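Peer 1: Sequence and computational prediction follow.
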Amino acid sequence: MEALVVNIQGLSTNAADLSNLHIILKQAHESLQAESIRLLPLLDQLDPSLHSLGYLYILEACTSAALSKEQASAVLLPTARFINSCDKEQIQLAPEKFVSVCRRFKDFVMQLETPLRGVAPMLTAIRKIQSSSEHLTSLHPEFLVLCLLSKSYKAGLSILDEDIFEVDQPKDLFLYCYYGGMICIGQKRFRKALELLHNVVTAPMSVINAIAVEAYKKYILVSLIHNGQFSTSLPKYTSSVAQRNLKNFCQPYIELANSYSTGKIAEFETVAQKHREKFDNDNNLGLVKQAISSMYKRNIQRLTQTYLTLSLQDIANSVQLNSAKEAEMHVLQMIQDGEIFATINQKDGMVSFLEDPEQYKTCQMIEHIDSSIQR
């Protein structure tokens, strides 16, 4: 092994030497794998920025076997340091090994229950193997998983706003859009979440897959929250297998959407309670609760189209809230979110509904409308 370290140190300066080194490393593959974690001290003799290719081979061998928490902790820092400082040109000579090391790095931070430690290095890793910002790599989904687990939603959004035109593997696109949709849901960017989940549901597929099914469930619920309605009809370009089978796997969600369309909260809550265990097992109970909340909001918005003033108690009765106090909380939140324009008289509990004060002529509003049209 010492001879291999000497070769790595001496053959990492130019393209010709690196080519020879790569041949040597490939020949040493089996012996490296056999040593596994015992190779870790060798990394102290190498500079990850100068000897990136050799460092990568040894690091990949170190992490090839299952590691205990103590071993994972020991290898975590050298891996993060390598990802941050490695030479892009060298690691692209063995991109599959680099991806493998980065995936194991993600597994280690999850094993240690510290997903936040993996977010920044994984984003760096993506940039180092991307051919351009339009290239979706196998590490994109891994990065988004870490963002989800650490609730680093804003970090996840940084790559979701990039246009993608090149994909390595179809599964990468499914997972990227699915996890991306979940991040947008976490940030309440429901329009973008719908776009990403829609991409999963309508992507080409020869057989139905679990990712598309889970995406469809969330797509139904987010459609109710954001649009107040859901249609089971899919675009013509959707694969026939998805057209035929998705609804069969999501019947409780279809039933929930149908009850939402009636506008009757009691009926919706009955269906939600009936399938509560299913929604909970799917980790979608929070979205179901948001859908119920959106139903109250939409019923309140309908009242603004009919009445100029209304008491909080009348609002509570009309939209089936338990008390005037609950109605007040909903109305105040909607005013704060700009969903309705109203004032509340605290003395007599009357709500006065107002016209939208926006004149739609400011530069900021014109830019907002323009960006909405472009989307």
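Peer 2: Arrived safely, thanks for sending.
Peer 1: Ramachandran angles for residue 162?
Peer 2: Torsion angles at residue 162 (phi, psi; degrees, to the nearest 10) stand at phi -90, psi 140.
Peer 1: again with the one 5 residues further on
Peer 2: Phi and psi for residue 167, reported as degrees, to the nearest 10, are phi -130, psi 130.
Peer 1: for the protein, what's the longest helix?
Peer 2: Identified as the longest helix of the chain according to DSSP state H is helix 285-304.
Peer 1: State the distance from residue 102 to residue 82.
Peer 2: For residue 102, the distance to residue 82 equals 10 Å [Cβ to Cβ, to the nearest Å]. C-beta here means a position set from N, CA and C on the backbone, and glycine is covered the same way.
Peer 1: now residue 200
Peer 2: Between residue 200 and residue 82 the distance is 33 Å, computed by Cβ to Cβ.
Peer 1: Repeat that for residue 124.
Peer 2: As judged by Cβ to Cβ, residue 124 and residue 82 stand 10 Å apart.
Peer 1: Name the residue in those two with the higher neighbour count.
Peer 2: Per other Cβ atoms under 10 Å, whichever of residue 124 and residue 82 has more neighbours is residue 82, with 25 against 16.
Peer 1: buried ones in the helix or strand encompassing the more buried one?
Peer 2: Applying DSSP states H and E as the criterion places residue 82 in helix 69-85. Of all the residues in helix 69-85, those buried under the rule 16 or more other Cβ atoms under 10 Å are 71-72, 75-76, 78-80, 82-83.
Peer 1: And the contacts of whichever helix or strand comes after the longest helix of the chain?
Peer 2: Sequence-wise, the next helix or strand downstream of helix 285-304 (DSSP H and E) is strand 309-311. Applying Cβ atoms under 8 Å, 6 or more residues apart in numbering, the contact partners of strand 309-311 are 303, 318, 324, 348-353.
Peer 1: Just these: which are in helices?
Peer 2: Secondary structure defined by DSSP H assigns 303, 318, 324 of the contacts of strand 309-311 to helices.
Peer 1: ok, residues contacting stretch 146-154?
Peer 2: Applying Cβ under 8 Å, 6+ apart, the external contacts of stretch 146-154 come out as 106, 109-110, 115-116, 118-119, 122, 155-156, 179, 182-183, 186-187.
Peer 1: Who wins on neighbours among these?
Peer 2: Neighbour counts for the contacts of stretch 146-154 peak at residue 118, which has 30 neighbours (criterion: other Cβ under 10 Å).
Peer 1: Secondary structure element for the closest residue to that one other than its chain neighbours, which one?
Peer 2: Spatial nearest neighbour of residue 118, chain neighbours left out: residue 109 (3.9 Å); criterion: Cβ to Cβ, 6 or more residues apart in numbering. The secondary structure element spanning residue 109 is helix 95-111 (assigned by DSSP H and E).
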